[in-house]
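K.L.:
Just to be clear, the model below is a prediction. Sequence and coordinates:
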Amino acid sequence: MTSRPWMRAALAAGAALWLVACEADGAPSVTTSPVGNVPSMLEPQGPAAADIAGLWWLLFWASLVVLALVLGLMGWGLWRRREPRELPTSMRGRPERDLPGGERTWVVGGGIVLPTGVLIGVLAATLSVMRSTANVEPSPDIVIEVVGHQWWWEVRYPGQDFITANEIRIPVGQPVELRMTGNDVIHSLWIPELNGKMDLIPGRTTSLILQADQAGEYLAQCAEFCGTQHAKMRLVVVAETSEAFAQWVTQQQADVAEPADEELRRGQQVFLGAACVYCHTVRGTNASGRVGPDLTHLASRRTLAAGILPNNRGHLAGWILDPQALKPGNLMPPTALSGDDLADLLLYLE
């Protein structure tokens, strides 16, 4: 292995570029999502995200210009020929401000005026984006409350009178207000394709406006370290047409139907006879726990365990039997069930 630092840095940079090229060529990404996409703030799907992405590109190109200027001046200073000279006797020992005019111009212009101008421009652009993203009037018809828990999201629709979890649905083209707070520690909701980050602080309510320009599923992430499973605290935002959104709201407002056959009745009895009822709510039954997510319409959700698992029978069975194996440290304990009881419970939850 070479001992030259610059050569080691070049090899590391080459390896990094090779890994990026492999991922772009179809290799699996380190970040995976049950909804099938990796969010990027550089692919905005709403007006607020577009303003933030525009600011990012402005800073990127400005940084490249400054970098090129600095490297150019360094190269010019290193390679130009300069005859050695001595300061005149009259200038020896005098302060630096008495340097010749040309050198003083470089110091003042390059060290004070140029950086100050760049910083003022960046500040002005940032304030403009902050103003444009804050001065948005949300739709008065839809307000969504989000409560951050370790490590899942409670989502309430107070105007529509129902609660869901780990999934937010909004109609396309409408600015919707999220009113958010934390239940235990500080969390932060970040939906890169729709808006910037916003903290959820216990005892306080913060606000964020979401607007999606087109239908789709957008992955969100907790962006404030909140404990051992911080990285597995995700949320899916589903933007859909107004008609589809209204239909979903109607479905969510309904209580669960009475079991229609013997298998479903057995599954309901398994649920009501286990410890599930102390932590979870199913509207229309005597299960009214508030420690864990509301399970009334669990089957309609895209994911399980705060966005880390697809919502299907296999993953749901694994989560019920041993959630600690999938998300160590979460508050849900393992549930010991026979094979028949588990099958009936899964059928009921589905």
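P.N.:
Looks like it arrived, so ask away.

K.L.:
Can you tell me how far T241 is from G318?
P.N.:
Distance of T241 to G318, computed by C-beta to C-beta, to the nearest Å: 34 Å. All C-beta atoms are positioned from the backbone trio N, CA, C, and that covers glycine.

K.L.:
out of these two, which sits in the busier spot?
P.N.:
G318 (15 against 12; other C-beta atoms under 10 Å).

K.L.:
Could you look up the SS state of the more buried one?
P.N.:
helix (DSSP: H, G, I helix; E, B strand; the rest coil).

K.L.:
Secondary structure element for R179, which one?
P.N.:
Assigned by DSSP states H and E, R179 belongs to strand 176-182.

K.L.:
Now that strand: buried residues?
P.N.:
176-178, 180-182 (16 or more other C-beta atoms under 10 Å).

K.L.:
Repeat that for stretch 334-341.
P.N.:
335, 337, 341.

K.L.:
Stretch 203-219 now?
P.N.:
Buried, per 16+ other C-beta under 10 Å, within stretch 203-219: 206, 208-213, 217-219.

K.L.:
just stretch 291-311 next, same as before
P.N.:
292-298, 301-309, 311.

K.L.:
could you give me the average pLDDT of that stretch?
P.N.:
The average pLDDT for stretch 291-311 rounds to 92.

K.L.:
Quick check on the residue lying closest to H187 once chain neighbours are set aside: phi, psi?
P.N.:
Spatial nearest neighbour of H187, excluding adjacent residues (C-beta to C-beta, 6 or more residues apart in numbering): G148 at 3.3 Å. Dihedral pair for G148: phi -90, psi 130, per degrees, to the nearest 10.

K.L.:
how deep is G148 tucked in, by neighbour count?
P.N.:
G148 has 27 neighbours, counted by other C-beta under 10 Å.

K.L.:
which ones are touching it?
P.N.:
Residues near G148 by C-beta atoms under 8 Å, 6 or more residues apart in numbering: 154, 180-184, 187, 189, 200, 222, 226, 233.

K.L.:
Check K197 too.
P.N.:
Counting by C-beta under 8 Å, 6+ apart, the residues that K197 touches are 188-190, 223.

K.L.:
For ChimeraX, write the selection for the buried entries among these.
P.N.:
Applied in ChimeraX, the following selects the buried portion of those according to 16+ other C-beta under 10 Å:
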select :188,189,190,223
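
K.L.:
what two of the contacts of K197 are the furthest from one another?
P.N.:
Longest distance between any two of the contacts of K197 is 7.3 Å, between L189 and A223; criterion C-beta to C-beta.

K.L.:
What segments of this protein are strands?
P.N.:
143-149, 152-157, 162-165, 167-171, 176-182, 187-190, 197-200, 206-210, 216-222, 234-240, 303-304, 309-310 (DSSP state E).

K.L.:
Tell me which of the ones you listed lies nearest to A134.
P.N.:
strand 206-210 (8.3 Å).

K.L.:
could you check the angle strand 176-182 makes with the closest one?
P.N.:
Angle, strand 206-210 to strand 176-182, by axes from the mean of the first three to the mean of the last three C-alpha atoms, to 10 degrees: 150 degrees.

K.L.:
A299 versus R313, what's the distance?
P.N.:
10 Å.

K.L.:
what pLDDT does R85 get?
P.N.:
So, for R85, pLDDT stands at 59.

K.L.:
one step back: and the buried residues of stretch 203-219, which is closest to E262?
P.N.:
Distances from E262 to those, taken by C-beta to C-beta, are shortest for E217, at 36.6 Å.

K.L.:
Hmm, E240 and that closest one touching each other?
P.N.:
No - the pair E217 / E240 is not scored as a contact, 9.5 Å apart, by C-beta atoms under 8 Å.

K.L.:
Report the residue spans of the chain with pLDDT below the cut-off.
P.N.:
1-37, 81-104, 106-107 (pLDDT under 70).

K.L.:
Okay, and the beta partners of Y218?
P.N.:
Beta bridges link Y218 to V237 when assigned by DSSP bridges.

K.L.:
Which residue, other than its chain neighbours, is closest to C222?
P.N.:
M233 (4.0 Å).

K.L.:
Next, the buried residues of the helix of greatest length in the chain.
P.N.:
The longest helix of the chain (DSSP state H) is helix 47-79. Residues of helix 47-79 classed as buried: 47-53, 55 (neighbour count, 16+ other C-beta under 10 Å).

K.L.:
from those residues, which single one is nearest P323?
P.N.:
Nearest to P323 among the buried residues of helix 47-79, with distances taken as C-beta to C-beta, is A49, at 33.3 Å.

K.L.:
Right, I'll leave it there.
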